[in-house]
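Chemist: Can you look at this prediction? I've put the sequence above it.
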Amino acid sequence: MTLTNPATLQFNQVSYQYGSDTLAVDDINLLIKPGNLVVLVGPSGCGKSTLLKLVAGLIQPTWGTLLLDGTDVASLPPQQRQVGWVPQSYALFDHLSVADNIAFGLRMQGVSRKKRRQRTENLLELCHIQALAKRAVNELSGGQRQRVAIARALAVQPRVLLLDEPLAALDPQLRSSLRSNLVALLRETGVTTLFVTHDQAEALAIADKIAVLQDGRVAQYGNPETLWNQPASAFVARFISHADIVEAHRIAADRAEIVPGLVAHIPGDTGHAQTITLALRPSDLQVAAQDDQGVAIVALASEYIGAAYLIQGQIPNGPRLSFFSPHPIQCGATVPLQMRAQANIAVIES
Ligand SMILES: Nc1ncnc2c1ncn2[C@@H]1O[C@H](COP(=O)(O)OP(=O)(O)OP(=O)(O)O)[C@@H](O)[C@H]1O
């Protein structure tokens, strides 16, 4: 029995306006291939949930078209779209058992009891929750509830699965351990998935492709490595890699000086402009071994992040920059800062 039926999902110049003046989604063009896991990421209010509602059919595009396997879905009501939805709260039926929650949608579709039972058993197995079949859902842990919610969404053989911040309700430790289980499960089902989060680390960790949304528009759509190494704008660089955006002076085709003593190697094919804008990530910089090997920076703030300290500093008469240090640095202390040899600096504008 096929458990999913993955579709191509295409947004063609899709816009959505709430009322007469809130343009929540603005001219979205995205092509999502069958079986891909695409993460929609962006700050609060950028239009992530509105995009999910458009795919689910809860709202219709104000302009543009939404295609499932090449067919415009405008005339299809939500129940005929074969779109599975897992809301942030999971919205399980607390008074029903795990198995009955999973079979609920099938019963609504008039699927025979025998087929319902077989499909429910397959989904219990796929989601590794066979042992919980008879339990009431209000007796389950957060991670177990999440699996039931996904099994329930998969029951109707979705062509697309929509996950709205599926890890948000879990505590941080559980969150990272369940993340890999969840992704393994999604890979196993092969379903085309749109996954919403506002957490860039989560997006980088799990996505085939990431769509970074900014004010209802797609700021960049690409695989995690491309977004990290070649951000299309300062917004994407800040959001995806916590980069500092700085102006630099080109001193050769492949080198740019940020301040005297701090020179970045840049790709050699970025034009000839003298003043260029660079994205410097904390991992591109390091504290130099000797004072005369780098530029002086004054530490302003220090945060212990486990493997290192994340330091924010100010170069006198220069930019503020963040960098990692293996040792704590007192606020107010001055240290020499240099570019890492293997730093791969992105040019935002040239
Ligand atoms: N029902 C509504 N009526 C009017 N405006 C709305 C409605 N729902 C959302 N908006 C507005 O549309 C824009 C996009 O909202 P949306 O909920 O899609 O963002 P989001 O990225 O999912 O945000 P969050 O991460 O906070 O959930 C926001 O400006 C929001 O205020």
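Modeler: Great, that's in hand. Numbers count the residues shown, from 1 in each chain.
Chemist: Under the pLDDT cut-off, which ranges of the chain? List them.
Modeler: Residues of the chain that meet the criterion pLDDT under 70 lie in 1-4, 350.
Chemist: rerun at 80
Modeler: 1-4, 169-178, 181, 270-272, 349-350 (pLDDT under 80).
Chemist: So which residues on it come close to the ligand?
Modeler: By the rule C-beta under 6 Å from any ligand atom, the part of the chain lying against the ligand is 18-19, 22, 24, 42, 44-50, 198. C-beta coordinates here come from the backbone N, C-alpha and C atoms, glycine included.
Chemist: Mind checking which of those are buried?
Modeler: Taking 16 or more other C-beta atoms under 10 Å as the criterion, what is buried in the residues of the chain next to the ligand is 24, 42, 46-50, 198.
Chemist: Now do the strands in the stretch 251-350 of the chain.
Modeler: 255-259, 262-265, 275-280, 285-287, 295-304, 309-314, 320-325, 334-339, 346-349 (DSSP state E, counting those that start in this stretch).
Chemist: what would those look like in a markdown table with mean neighbour count?
Modeler: As requested, the strands of the stretch 251-350 of the chain are arranged in a markdown table below (neighbours: other C-beta atoms under 10 Å):
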| stretch | mean neighbour count |
| --- | --- |
| strand 255-259 | 19 |
| strand 262-265 | 19 |
| strand 275-280 | 21 |
| strand 285-287 | 21 |
| strand 295-304 | 16 |
| strand 309-314 | 19 |
| strand 320-325 | 20 |
| strand 334-339 | 19 |
| strand 346-349 | 20 |
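Chemist: farthest pair in the residues of the chain next to the ligand?
Modeler: The span of the residues of the chain next to the ligand, defined through C-beta to C-beta, is set by Gly19 and His198 at 24.0 Å.
Chemist: And Lys209, how close does it get to Asn29?
Modeler: As for Lys209, its distance to Asn29 is 13 Å (criterion: C-beta to C-beta, to the nearest Å).
Chemist: wait, what's in contact with whichever residue of the stretch 151-300 of the chain sits closest to the ligand?
Modeler: Here the stretch 151-300 of the chain gets closest to the ligand at one residue, His198, 5.2 Å apart by C-beta to the nearest ligand atom. Taking C-beta atoms under 8 Å, 6 or more residues apart in numbering as the criterion, His198 is in contact with 41-44, 48, 165.
Chemist: One more pass at 7 Å, please.
Modeler: 41-44 (C-beta atoms under 7 Å, 6 or more residues apart in numbering).
Chemist: export the residues you listed to a markdown table and tack on distance to Val246 and secondary structure?
Modeler: Formatted as a markdown table, the contacts of His198 follow (distance: C-beta to C-beta, whole Å; DSSP: H, G, I helix; E, B strand; the rest coil):
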| residue | distance to Val246 | secondary structure |
| --- | --- | --- |
| Val41 | 24 | strand |
| Gly42 | 23 | coil |
| Pro43 | 22 | coil |
| Ser44 | 27 | coil |
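Chemist: Just give me the closest of those residues to Asn317.
Modeler: Using C-beta to C-beta, those come closest to Asn317 at Pro43, 31.6 Å.
Chemist: Identify the residue nearest that closest one in space, chain neighbours excluded?
Modeler: Using C-beta to C-beta, 6 or more residues apart in numbering and skipping residues adjacent in sequence, the residue nearest Pro43 is His198, 6.4 Å away.
Chemist: what's the distance between that neighbour and Ala232?
Modeler: 19 Å.
Chemist: what does Ile345 give?
Modeler: Distance, Ile345 to Ala232, using C-beta to C-beta: 15 Å.
Chemist: And those two? Which one has more around it.
Modeler: Neighbours of Ile345 and Ala232, each counted by other C-beta atoms under 10 Å, are more numerous for Ile345; the result is 23 against 17.
Chemist: Thr62 contacts Tyr16, correct?
Modeler: Yes: Thr62 lies in contact with Tyr16 (C-beta atoms under 7 Å); the separation is 5.2 Å.
Chemist: Which one of the two is surrounded by more residues?
Modeler: Higher neighbour count among Thr62 and Tyr16: Tyr16, with 22 against 14, using other C-beta under 10 Å.
Chemist: can you tell me the helix or strand for the more buried one?
Modeler: According to DSSP states H and E, Tyr16 maps onto strand 9-18.
Chemist: Which strands border that strand, and is each parallel or antiparallel?
Modeler: Next to strand 9-18 in the sheet, as set by DSSP bridges, lie strand 22-32 (antiparallel), strand 63-68 (antiparallel).
Chemist: pull the CA atoms of it into PDB?
Modeler: In PDB, the C-alpha atoms belonging to strand 9-18 read as follows (Å, rounded to 0.1, in the frame of the first residue of the first chain):
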ATOM      1  CA  LEU A   9       3.900  22.000  -5.800                       C
ATOM      2  CA  GLN A  10       4.300  25.300  -7.700                       C
ATOM      3  CA  PHE A  11       3.500  28.900  -6.600                       C
ATOM      4  CA  ASN A  12       3.200  31.100  -9.700                       C
ATOM      5  CA  GLN A  13       3.200  34.800  -8.800                       C
ATOM      6  CA  VAL A  14       1.100  34.100  -5.700                       C
ATOM      7  CA  SER A  15       0.000  37.100  -3.600                       C
ATOM      8  CA  TYR A  16      -2.500  37.200  -0.700                       C
ATOM      9  CA  GLN A  17      -4.000  40.300   0.900                       C
ATOM     10  CA  TYR A  18      -5.900  40.200   4.200                       C
END
